[in-house]
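Peer 1: model this:
(chains A and B)
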Amino acid sequence: GAGVSQSPSNKVTEKGKDVELRCDPISGHTALYWYRQSLGQGLEFLIYFQGNSAPDKSGLPSDRFSAERTGGSVSTLTIQRTQQEDSAVYLCASSPLAGGGNEQFFGPGTRLTVL
Amino acid sequence: AQSVAQPEDQVNVAEGNPLTVKCTYSVSGNPYLFWYVQYPNRGLQFLLKYITGDNLVKGSYGFEAEFNKSQTSFHLKKPSALVSDSALYFCALYTGGFKTIFGAGTRLFVKA
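Peer 2: Take a look at the predicted model:
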């Protein structure tokens, strides 16, 4: 069956521009997560969605970062006024059950490069 | 504070030899512990998890992990390494709420 998909796979942008990253979770999965993976670093939690609501936004690094999820499905992570330190791989994961502590299914990621 | 650590950036092992990738954790309650693997240019894949019960957990691709509460460790093991096991391995910790904490990752190189 179809797994988690993310688009674009690569994004190069100039400093100061806005970017949108998209995640299509596995159909029927309630939980959706966004992570950031920087070179040599582990996965940094950004935000968690349960359905369309985000009970945990604690990982968003600044107010330039926002995310939404519509129809309990597709999610978009938006970064405004991008900075060079935003360069990283952004990973999306979904899980069939709400809450944490369950296996997460990851997408291939979007590699963001801010020049 | 809750945390997970992978003390080795890289592990090298010869094909056919046993492998161990180390993970230690710090938590105030009962941990849920996970191992994920990331192959080049692919997303992370779930290998196994420990919630409760038997301290030896068996997972995908012949991997297993041993939960040791006294040593606060959850090391990943495989009796006989394959070249195809070469990848980046992440240990992860869940202790409640919605957040899972991932380690920095350990790169495994298996030489033929």
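Peer 1: next helix or strand past the helix or strand of chain A with the lowest mean pLDDT?
Peer 2: One helix or strand of chain A scores below all others by mean pLDDT, DSSP states H and E: strand A:53-56, with a mean of 86. Proceeding N to C from strand A:53-56, the next assigned helix or strand is strand A:65-69, under DSSP states H and E.
Peer 1: Tell me the strands beside the least confident helix or strand of chain A, with direction?
Peer 2: Applying DSSP bridges, strand A:53-56 is found paired with strand A:43-50 (antiparallel).
Peer 1: So for the strand it pairs with, mean pLDDT?
Peer 2: On average, the pLDDT along strand A:43-50 is 92.
Peer 1: With stretch B:3-12 instead?
Peer 2: Stretch B:3-12 carries an average pLDDT of 96.
Peer 1: just checking, A:Thr82 touches A:Lys15?
Peer 2: Yes. Counting by CB atoms under 8 Å, A:Lys15 is a contact partner of A:Thr82 at 6.1 Å. Quick note: C-beta positions are derived from backbone N, CA and C, even for glycine.
Peer 1: Report the set of residues contacting both of the two.
Peer 2: Residues touching both A:Thr82 and A:Lys15 by CB atoms under 8 Å, 6 or more residues apart in numbering or on different chains: A:Val114.
Peer 1: Can you identify each of the strands in chain B by residue range?
Peer 2: Remark: strands assigned in chain B by DSSP state E are B:3-5, B:10-14, B:19-21, B:24-26, B:32-38, B:44-50, B:56-58, B:64-68, B:73-78, B:87-94, B:100-102, B:106-111.
Peer 1: Could you tell me which residues of chain A lie near chain B?
Peer 2: Residues of chain A lying near chain B by CB under 8 Å from any CB of the partner chain: A:3-4, A:31, A:33, A:35, A:40-43, A:45, A:48, A:50, A:55-56, A:58-59, A:91, A:93, A:99-101, A:103-109.
Peer 1: Strands - which of these land there?
Peer 2: A:31, A:33, A:35, A:43, A:45, A:48, A:50, A:55-56, A:91, A:93, A:105-106.
Peer 1: Make a ChimeraX selection of whichever of the residues you listed turn out to be buried.
Peer 2: To isolate in ChimeraX the members of those that are buried, counting by 16 or more other CB atoms under 10 Å in any protein chain shown, one can use:
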select /A:31,33,35,43,45,48,50,56,91,93,105,106
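Peer 1: Could you dump the ones in strands among the residues of chain A next to chain B into CSV with distance to A:Ser75 added?
Peer 2: Formatted as CSV, those follow (distance: CB to CB, whole Å):
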residue, distance to A:Ser75
A:Ala31, 11
A:Tyr33, 9
A:Tyr35, 12
A:Leu43, 17
A:Phe45, 14
A:Tyr48, 11
A:Gln50, 12
A:Pro55, 14
A:Asp56, 14
A:Leu91, 12
A:Ala93, 11
A:Phe105, 14
A:Phe106, 14
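Peer 1: Many thanks, we can stop here.
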